[in-house]
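Q: From the sequence below, what's the structure:
(one chain, ligands or ions: 1)
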Amino acid sequence: MTNWQKLYEEKNTPWDRGAASPVLIDWLRSHRMPGAILVPGCGPGNDLLALATSGAEKVVGLDIAAGAIAIAAERTRGMDGVSLVTGDLFTLDHGRLRCRFDWVFEHTCFCAIDRSRREDYVRSVAGALRPGGHLLAVFYLEPWDQDEDQTQGPPFRSDLHELDALFGSEFDLLYSAIPTTSFPGRAGKELIRLLRRC
Ligand SMILES: C[S@@+](CC[C@H](N)C(=O)[O-])C[C@H]1O[C@@H](n2cnc3c(N)ncnc32)[C@H](O)[C@@H]1O
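A: Below you'll find the predicted structure:
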């Protein structure tokens, strides 16, 4: 299992691009996300900033690593409506974040967790949403080049088939597309999906 806290202590955080996902920024140009938003595995908080400045009423960043939350706290200092929680997404079902959110925003949390926990991920995210709440996800489907070992990770790869099977019982799929913009190196390797909790 990955020791995320240790990676933050060692400043070994190549996922921290110092900016929000370009896919999210593009989405926010033409969509609103009213209500409360949970960002699981928020890391250093770059996406929190973009969501908060887009006019979201309440944005909660959750991360298992205290080191990530400390950086996110620094980057979002003084921003209205942003709060941070150090904790494990998989224990949300029994926690104070259950059924509270109108939105979950996913970006490089799903691909970071062990593949054996993907069903738990779906359960936890569905459990955090109010019925009818939405999951906006930027899935990093293909982190590795074709000549690389596809089983390595994190990040762990995924595909449309797997996503349909995993999310199909808890969510209705409303939108799915290859983003037209991405971080350098991720073009064509990501997928944006909007899903509604059944
Ligand atoms: C690859 S990083 C991505 C961080 C952030 N989404 C970004 O793009 O900058 C994955 C993050 O998920 C967090 N994480 C991993 N497992 C988690 C869990 N079970 N609950 C909450 N956070 C978790 C890690 O600590 C890490 O910050």
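Q: Looks to me like Gln146 is in a strand.
A: No. Counting by DSSP: H, G, I helix; E, B strand; the rest coil, Gln146 is not part of a strand but coil.
Q: which residue ranges form the helices in this structure?
A: Shown for the chain, the helices assigned by DSSP state H span residues 4-9, 22-30, 46-53, 66-75, 118-128, 160-167.
Q: Could you give the bridge partners of the closest residue to Cys42 other than its chain neighbours?
A: Nearest residue to Cys42, sequence neighbours excluded (Cβ to Cβ, 6 or more residues apart in numbering): Gly61, at 3.4 Å. C-beta coordinates here come from the backbone N, C-alpha and C atoms, glycine included. Counting by DSSP bridges, Gly61 forms beta bridges with Val39, Leu84.
Q: what about Gly61, distance to the ligand?
A: Distance, Gly61 to the ligand, by Cβ to the nearest ligand atom, to the nearest Å: 9 Å.
Q: Can we start the residue count at 17 from this point?
A: In the new count, where the first residue is 17, that last one comes out as Gly77.
Q: burial of that residue, as a residue count?
A: Neighbourhood size, Gly77 [other Cβ atoms under 10 Å]: 30.
Q: Kindly report the same for the one 5 residues further on.
A: In terms of burial, Ala82 registers 13 neighbours under the definition other Cβ under 10 Å.
Q: Could you do Arg213 as well?
A: Count around Arg213 with other Cβ under 10 Å applied: 21.
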